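got a sequence here, can you build the structure:
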Amino acid sequence: MSGSAAERLVSTRSKVEQVCRWLTSPSPEMLDLCSDQLEMAIHEMTGTVSALRQTGGDAEDLAEAWHLQRAVRKAGKLLDNAADYQHRWARRMAAMTGGYRPGGQPPAAAHPGRIWLQA
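A predicted model of the protein is given here:
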């Protein structure tokens, strides 16, 4: 990958910030794009980290790394919220469609289009 470490960090941060924008009003299509974008960001970051380990980085690199860290934390919180929302929605759907198990817990919801195994 060409460019300085700071330029690569800016590029990676840009991808992560785009994911954050998409996660504020998600749709199935946007979530697929988020996955692809985060995969590219991880690939970029892997090369950048090894370059920084060799050179030690300078003040600009460290500042950009800090900005990237903030963007990654924001994306992580948004993804956690999306997962929590999905989990709560699945529990509601299971309760509405399958009754309750002994102890008052709703049954596990089957997700169509996915592999689901139950022991």
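
what about the nearest residue to residue 52 once chain neighbours are set aside, how many residues nearby?
Nearest residue to residue 52, sequence neighbours excluded (Cβ to Cβ, 6 or more residues apart in numbering): residue 5, at 5.4 Å. Bear in mind the C-beta positions are built from the backbone N, C-alpha and C, glycine included. Neighbourhood size, residue 5 [other Cβ atoms under 10 Å]: 23.

change the start of the numbering to 796 and stick with it
Right, with 796 as the first residue, what we last looked at is residue 800.

for residue 800, give its distance to residue 861.
13 Å (Cβ to Cβ, to the nearest Å).

that older thread, got the contact list for the residue nearest to residue 847?
Residues near residue 800 by Cβ atoms under 8 Å, 6 or more residues apart in numbering: 843, 846, 847, 850, 852, 856, 859.

SS state for the third one?
At residue 847, secondary structure determined by DSSP: H, G, I helix; E, B strand; the rest coil is helix.

determine the longest helix present in this structure.
Secondary structure of the chain per DSSP state H: the longest helix is helix 854-893.

who does that helix touch, helix- and strand-wise?
Helix 854-893 sits against helix 800-818, helix 823-850, with contacts defined as 3 or more Cβ pairs under 8 Å, 6 or more residues apart in numbering; DSSP states H and E.

which parts of it are buried?
For helix 854-893, burial by neighbour count (16 or more other Cβ atoms under 10 Å) applies to 856, 859, 860, 862, 863, 866, 867, 870, 873, 874, 889.

was I right about residue 829 contacting residue 819?
No. Judged on Cβ atoms under 8 Å, residue 829 makes no contact with residue 819 at a distance of 11.1 Å.

what's near enough to touch the residue positioned nearest the centre of the chain?
A centroid search over the chain (Cα atoms, centre = their mean) returns residue 874, at 5.1 Å, as the residue closest to the centre. By Cβ under 8 Å, 6+ apart, residue 874 lies in contact with residue 818.

likewise residue 826?
817, 877 are the contacts of residue 826 under Cβ under 8 Å, 6+ apart.

can you check residue 836 too?
With Cβ under 8 Å, 6+ apart, residue 836 has these contacts: 807, 810, 811, 814.

how near is it to residue 813?
For residue 836 relative to residue 813 (Cβ to Cβ), the value is 9 Å.
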